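Trainee: here are the coordinates; sequence isn't available:
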């Protein structure tokens, strides 16, 4: 898709779900975020989370995968900054994640007419339709080449 293919208000949904397992949570945490509440069920019970929770960055990585699978932007999904990035609740073992992307705005670049920006909100939900990640920001999107 090119910038001209998007409209404000469009909503795109990931076609399936991504299941989060305890093993995947621990594997990611062991490599990138080795904190007890991501690595050990017993320690996690005594933590703020009151149970094993995925790293927010793990949830963000899964979100990015679903985003790439959902938006077929010519040249790829290229971030141009975030306005908001938050995790309203933890991702837990057994969660089935899904994604929605809403187009909030379009800006056609005057200085670089071959591209523009797509302002969007990405919300990742668990199987209870509760958001586990919300981010808003801009994607750099090419414009359709002149015929």
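Mentor: That came through, no problem. Since this is a predicted model, take the numbers as computed values, not measurements.

Trainee: Packing partners of the host helix or strand of residue 44?
Mentor: Element membership of residue 44 [criterion: DSSP states H and E] is helix 41-45. Using 3 or more CB pairs under 8 Å, 6 or more residues apart in numbering; DSSP states H and E as the contact definition, the elements that helix 41-45 packs against are helix 36-39. Every C-beta, even on glycine, is put in place using the N, C-alpha and C of the backbone.

Trainee: now the strands for the protein?
Mentor: For the chain, applying DSSP state E gives strands covering 11-13, 18-19, 78-86, 96-108, 115-125, 131-142.

Trainee: looking just at contacts, which helices and strands does the fifth one meet?
Mentor: So the one you mean is strand 115-125. helix 56-70, strand 96-108, strand 131-142.

Trainee: Output those as a markdown table; include the columns mean pLDDT, distance to residue 37 and mean neighbour count.
Mentor: Compiled in a markdown table, the helices and strands packed on strand 115-125 are given as follows (pLDDT from 0 to 100; distance: least, CB to CB, whole Å; neighbours: other CB atoms under 10 Å):
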| stretch | mean pLDDT | distance to residue 37 | mean neighbour count |
| --- | --- | --- | --- |
| helix 56-70 | 96 | 11 | 18 |
| strand 96-108 | 97 | 19 | 17 |
| strand 131-142 | 97 | 15 | 20 |
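
Trainee: is it possible to export these to JSON lines including distance to residue 50?
Mentor: Formatted as JSON lines, the entries for the helices and strands packed on strand 115-125 read as follows, by distance: least, CB to CB, whole Å:
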{"stretch": "helix 56-70", "distance to residue 50": "16"}
{"stretch": "strand 96-108", "distance to residue 50": "20"}
{"stretch": "strand 131-142", "distance to residue 50": "16"}
